[in-house]
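**Q** dropping a prediction and its sequence here:
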Amino acid sequence: MATYQDIKGLRVKYLSSDPSTLVGGDVWYNSTSGTLKGVVNFAAWSSGANAITARRSAGYAGTKDANLIWGGGDPSMNNTEEYNGSGWSTGGDFGSSGYKATGFGTQTAAISGGRYDGGMKTTAEEYDGSSWTAIPALSTAIAAAGGAGTNTAGAIFGGSTGPAFHASTNATEEYNGSSWTAGGALTTSRTYLAGFGTQTTAVGSAGYTGPSGAVMTATEEYDGSTWTAGGNLPTGNKQQAGSGTSTAGVTFGGSYNPASPTTVNVTNTYDGTSWSISPATLATGRRNLGGSPSGTSSSALASCGTDASPANVANTEEFNSSINTITAGAWASGGAMTLGRYNAFGYGTQTAAVASGNDGTYATTTEEYGGTSWTAGGVLNTGRGGGRAGGTQGAGIVFAGYTGSNSTATETYNGTAYATSPATMATGRRNLASSTNSPAPTATAFGGFSTAATAVTEEFNGTAWATSPGSMTTARYKLGGAGTQTAAVGFGGIPAPGGSAQSVTEEYDGSTWTAGGALLAARDQIAGTGVSTAALAFGGNPAITTTQGYDGTAWSTRPALATGRGYMMGCGTGTSALGFGGTAAPGVTTTEEFTGETSVATASTLTTS
C-alpha cells in the first residue's frame with residue numbers, strides 16, 4: 001500500500017500544536033492531542049446581501065467581490081448596481097433600458113453589448129466605474145449571448161437574433177477596446193448560454209437553439225480564432241451563469257426545460273476536459289441570473305434572476321471552494337429587554353450594551369446587556385427619551401432628549417450609577433444624532449429638533465460642551481449617526497414635521513461637514529453605529545427591516561433585520577452590532593445581533609475507519 005510520502009513526496013509532520021497557516025492537502029500529527037489531522041477543500045454557497053432591485057436577465061461582469069449588474073427586467077430597467085463583497089450600492093445608470101445584455105470585463109472597466117427592448121439591439125456601452133458611455137455598435141443585433149474577456153480584449157458569442165428569441169446565431173464578435181471584428185463561428189448556434197474566460201481562452205456552455213430545439217449539454221472552447229468541442233454538461237441547461245477559466249470553470253442555476261419556466265439550483269465544475277456536478281447547491285434555484293465571468297471556479301457570485309414561483313428575486317449568493325468555513329453575515333435574535341423602549345439612550349458594544357430611559361414615559365430605568373440577557377442597571381437622574389449617548393458599559397455618557405420640553409442635560413455612567421454633569425448643552429434638542437463610538441467622556445452631537453430642525457453641532461470634551469463652528473449643511477432631525485468626535489457621519493432624517501425622509505449623508509472631520517455618499521433609500525427614525533469608514537444603518541420609519549453599510553464613500557446593502565422598526569437603539573461596530581427596542585409607544589423588547597461574514601480555516605481529525 002502506498003504511503004503518504006509515496007503519494008505526496010512529503011512526510012507527515014509531527015507537531016505539538018496545529019499549524020497557524022493551513023493549506024488544502026496538509027496532514028500532520030498533533031502530539032499534544034494525540035490526533036492525526038488533515039485539511040481538505042470543500043465547496044459551498046453562502047448568502048450575501050440582497051441586491052437593491054430584484055430583476056432578471058441583467059447584464060453582468062466582474063468577480064465575486066467586485067461585481068456589476070445593469071439593466072434587466074421586468075419591467076425593462078436601466079439602473080446599475082455594484083457589489084463589494086459585502087453588499088450592493090448604486091452605480092451610474094445604464095444608457096439604455098433593456099435586458100439580456102451581454103457583459104464582460106471588470107467592475108470598473110466593463111463592456112455591455114446587445115440587449116432586448118422590444119427587439120434585438122446592436123448598441124454597446126462601456127462602464128468606467130461610475131458612468132456608461134456609448135462605444136461602436138455590434139454588427140448584428142443580438143441578446144442573451146455569452147461573453148468573456150476584458151474591455152480591451154473581449155468577445156461576445158452566440159445569442160438570439162429574434163424575433164422573440166426564436167432564432168439563434170453562431171457568430172462571434174471580438175472587441176479590441178475601440179472596435180468590433182468578426183471572430184470564429186461557434187460549431188452550433190445557441191442562445192441563453194453561459195460564457196466566461198478570456199478572449200483567447202473562452203468557454204461557451206450549453207444553452208439552446210430556440211423554443212423548438214433541445215436544451216444543450218455541449219460546451220465549446222475558443223482559442224482566439226476557432227471554436228472546438230469541450231466536455232458535455234451532465235444535464236442540458238439554459239439561462240445559467242458562470243465564472244472561471246477554460247481549465248477551471250463553474251456554472252450554476254438555469255433551467256433544464258426548453259419551454260416551461262423550471263429552475264435548478266445545480267452547480268457544475270469544469271477542469272478543461274469534463275464537467276462534474278458539485279455537491280454545493282444554490283439556496284434559491286433560479287434562471288436568468290447574474291454571474292461573475294471574470295471570477296474564478298473557486299470564488300463566484302450568483303445574483304438576482306427568476307425563481308420557481310416564478311418571481312424576480314434580489315437574492316445574492318457567494319460560492320467558495322476552499323479550506324475555510326464561510327458563515328454569512330446576518331441578524332440573529334438576542335435576549336429580550338425587560339422594558340419595551342423606543343427612541344431611548346443606547347450605547348456600548350454587542351456583548352456589553354446599555355439601554356436607558358424611554359420616550360413618551362420618560363423612564364429613568366436602565367438595563368445592561370451581557371451578550372445573552374438584559375439585567376437592571378443604574379437609574380437616570382432625569383427621566384427622558386429622544387436623546388443620544390456614547391461610550392461603553394463602564395464609561396458612558398447620555399445627553400439631550402425630551403422631558404416634556406427639550407433637554408440640555410448631560411449625565412455620565414460608570415457602570416453602576418449615573419452622575420449629572422454640571423455641563424449643559426447650548427441647544428436643547430431631541431431626535432438628534434451623535435458620534436456613537438466616541439470614547440466617553442467625549443461626544444459629538446448634531447442635528448435634531450429644537451424649535452425647528454437644526455444643523456448645530458456641539459462637542460463635549462469631558463468637562464464642557466462647545467458649539468462647533470461647523471454646522472451640518474442640511475438641518476434635520478430623526479437622523480442616524482455613527483463614528484467618533486473627529487470622524488463622524490450623519491445620515492437620513494427629515495427637515496421639518498411632516499417632511500419627507502432624506503437620503504443625505506454628511507461627514508464630519510472635527511471642524512467641518514462635507515457631503516458623503518447618499519443612502520440607498522431615504523430614511524428617518526434610523527439607527528446607526530460603527531465608525532465613519534465602516535458604519536451600519538438599520539431600521540427606520542415605517543417599520544423598515546433594511547440594513548445598509550458605509551465604507552466612507554458609498555452605502556451598500558447588508559442582510560435585513562428580522563423585525564422592522566423605527567426609533568431603534570443601536571451600538572457596536574459595522575460588523576458586530578446590536579439593535580434593540582424601537583417602534584412607537586410603549587416600545588418593544590426585541591433585541592437583534594448583527595455579525596458580519598466570517599471565514600475560518602478548519603482541520604479535521606483523520607481516522608482509520
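**A** Noted; the coordinates are in hand. Residues are numbered from 1 along each chain as shown.
**Q** tell me how far residue 500 lies from residue 474.
**A** 13 Å (CB to CB, to the nearest Å). In this view, the C-beta of every residue, glycine as well, is placed from N, C-alpha and C.
**Q** tell me where the model's unsure across the chain.
**A** Residue ranges of the chain with pLDDT under 70: 1-12, 20-28, 36-41, 211-212, 259-260, 601-609.
**Q** show me where it has helices.
**A** Secondary structure of the chain by DSSP state H: the helices cover 4-8.
**Q** quick one, what contacts the residue nearest in space to the middle of it?
**A** With distances taken as CA atoms, centre = their mean, residue 87 lies nearest the centre of the chain, 1.4 Å away. Taking CB atoms under 8 Å, 6 or more residues apart in numbering, we find residue 87 in contact with 48, 49, 548, 549, 556, 557, 558.
**Q** could you do residue 428 as well?
**A** Taking CB under 8 Å, 6+ apart as the test, what residue 428 contacts is 400, 405, 406, 407, 408, 450.
**Q** residue contacts, residue 202?
**A** 146, 148, 149, 155, 157, 195, 196, 221, 222, 246.
**Q** please name the bridge partners of it.
**A** residue 197, residue 222 (DSSP bridges).
**Q** which stretches of the stretch 201-350 of the chain form strands?
**A** Using DSSP state E, counting those that start in this stretch, the strands of the stretch 201-350 of the chain run over residues 202-205, 219-222, 227-229, 241-244, 249-252, 267-270, 275-277, 299-303, 316-322, 324-327, 330-333, 345-348.
**Q** excluding residues flanking it in the chain, which one is nearest the residue nearest to the centre of the chain?
**A** When the adjacent residues along the chain are set aside, residue 87 lies closest to residue 556, with 3.4 Å between them (CB to CB, 6 or more residues apart in numbering).
**Q** touching, that neighbour and residue 89? I think so.
**A** Yes - the criterion here is CB atoms under 8 Å, and residue 556 meets it with residue 89 at 3.9 Å.
**Q** identify the contacts common to those two.
**A** Residues touching both residue 556 and residue 89 (CB under 8 Å, 6+ apart) are 82, 520.
**Q** let me have the contacts of residue 202 in TSV, extended by neighbour count and distance to residue 206.
**A** Output for the contacts of residue 202, formatted as TSV (neighbours: other CB atoms under 10 Å; distance: CB to CB, whole Å):
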residue	neighbour count	distance to residue 206
146	31	10
148	29	15
149	25	19
155	29	17
157	28	13
195	28	11
196	32	12
221	21	13
222	29	15
246	20	15
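**Q** show me which of those is closest to residue 278.
**A** When these are ranked by distance to residue 278 (CB to CB), residue 196 comes first, at 15.6 Å.
**Q** my guess is the closest one contacts residue 247. True?
**A** No - judged on CB under 8 Å, residue 196 makes no contact with residue 247 at a distance of 11.5 Å.
**Q** in contact with the residue nearest to residue 248 when sequence neighbours are not counted, which residues?
**A** Of all residues not flanking residue 248 in the chain, residue 297 sits nearest, at 4.1 Å (CB to CB, 6+ apart). For residue 297, the contacting residues are 243, 244, 245, 248, 249, 250, 269, 270, 321, by CB under 8 Å, 6+ apart.
**Q** would you mind measuring from the residue nearest to the centre of the chain to residue 334?
**A** 22 Å.
**Q** for residue 286, same thing?
**A** 32 Å.
**Q** comparing the two, which residue is more hemmed in?
**A** residue 286 (31 against 22; other CB atoms under 10 Å).
**Q** contact partners of stretch 458-471?
**A** 397, 399, 410, 423-427, 441-446, 455-457, 485, 508, 511-513.
**Q** got the domain ranges for this structure?
**A** Here the domain parsing of the chain from automatic domain parsing is 4-40, 44-328, 333-594.
**Q** identify the farthest-apart pair in the contacts of residue 297.
**A** 245 and 321 (13.9 Å).
**Q** buried stuff in stretch 501-517?
**A** The neighbour-count check on stretch 501-517 (16 or more other CB atoms under 10 Å) flags 501, 502, 504, 505, 506, 507, 508, 513, 516, 517 as buried.
**Q** my read: the last one touches residue 548, true?
**A** No - shown here, residue 517 and residue 548 do not form a contact pair, counting by CB under 8 Å, at 10.2 Å.
**Q** okay, and the common contacts of these two?
**A** What both residue 517 and residue 548 touch, as defined by CB under 8 Å, 6+ apart, is the set residue 555.
**Q** returning to that earlier point: tell me which of the contacts of residue 297 is nearest to residue 543?
**A** Relative to residue 543, the closest of the contacts of residue 297 is residue 243; by CB to CB it sits at 37.5 Å.
**Q** contacting residues for that closest one?
**A** 63-64, 196, 249-250, 291-297, 299-301, 319.
**Q** just give the number of residues close to the nearest residue to residue 274 once chain neighbours are set aside.
**A** Leaving aside its sequence neighbours, residue 274 sits nearest to residue 231 (CB to CB, 6+ apart; 4.1 Å). Neighbourhood size, residue 231 [other CB under 10 Å]: 18.
**Q** can you pull the contacts of residue 231?
**A** 219, 270, 273, 274, 275 are the contacts of residue 231 under CB under 8 Å, 6+ apart.
**Q** ok, and the most crowded of those?
**A** Neighbour-wise, the contacts of residue 231 (other CB under 10 Å) top out at residue 270, 26 neighbours.
**Q** once you drop chain neighbours, what's closest to it?
**A** Residue 270 sits nearest to residue 249 (CB to CB, 6+ apart), 3.9 Å away.
**Q** that neighbour and residue 242 touch, don't they?
**A** Yes - counting by CB under 8 Å, residue 249 touches residue 242, with 6.2 Å between them.
**Q** between these two, which contacts overlap?
**A** Joint contacts of residue 249 and residue 242 (CB under 8 Å, 6+ apart) are 196, 203, 205.
**Q** separation between the last one and residue 17?
**A** So that's residue 205. Distance from residue 205 to residue 17, by CB to CB: 45 Å.
**Q** residue 62 too?
**A** From residue 62 to residue 17 the distance is 40 Å (CB to CB).
**Q** what about those two, which has more around it?
**A** residue 62 (28 against 10).
**Q** sorry, back to before: between the contacts of residue 231, which is nearest residue 481?
**A** residue 270 (49.0 Å).
**Q** contact partners for the closest one?
**A** Going by CB under 8 Å, 6+ apart, the list of residues near residue 270 reads 203, 205, 219, 230, 231, 244, 247, 248, 249, 250, 251, 297.
**Q** ok, it to residue 195 distance?
**A** 13 Å.
**Q** residue 481 too?
**A** Residue 481 is 45 Å from residue 195, by CB to CB.
**Q** do residue 517 as well
**A** For residue 517, the distance to residue 195 - CB to CB - is 33 Å.
**Q** cool, residue 140 as well?
**A** 16 Å.
**Q** what about residue 177, how many residues close to it?
**A** 13.
**Q** residue 81 reaches residue 69, doesn't it?
**A** Yes - using CB under 8 Å, residue 81 is in contact with residue 69, at 5.3 Å.
**Q** ok, residue 172 touching residue 187?
**A** No - look at residue 172 against residue 187 with CB under 8 Å: they stay out of range, at 11.2 Å.
**Q** which neighbours do those two have in common?
**A** Contacts common to residue 172 and residue 187, judged by CB under 8 Å, 6+ apart, are residue 227.
**Q** returning to that earlier point: between the domains of the chain, which one is nearest to residue 600?
**A** Comparison of these against residue 600 by CB to CB identifies domain 44-328 as nearest, at 5.2 Å.
**Q** so how far is the closest one from its chain's centroid?
**A** 20 Å (CA atoms, centre = their mean, to the nearest Å).
**Q** and that domain, end to end?
**A** Criterion CA to CA, to the nearest Å; first-to-last residue distance in domain 44-328 is 11 Å.
**Q** swap in stretch 210-217?
**A** First-to-last residue span, stretch 210-217, CA to CA: 14 Å.
**Q** specify the beta-bridge partners of residue 135.
**A** Assigned bridge partners for residue 135, using DSSP bridges, are residue 124.
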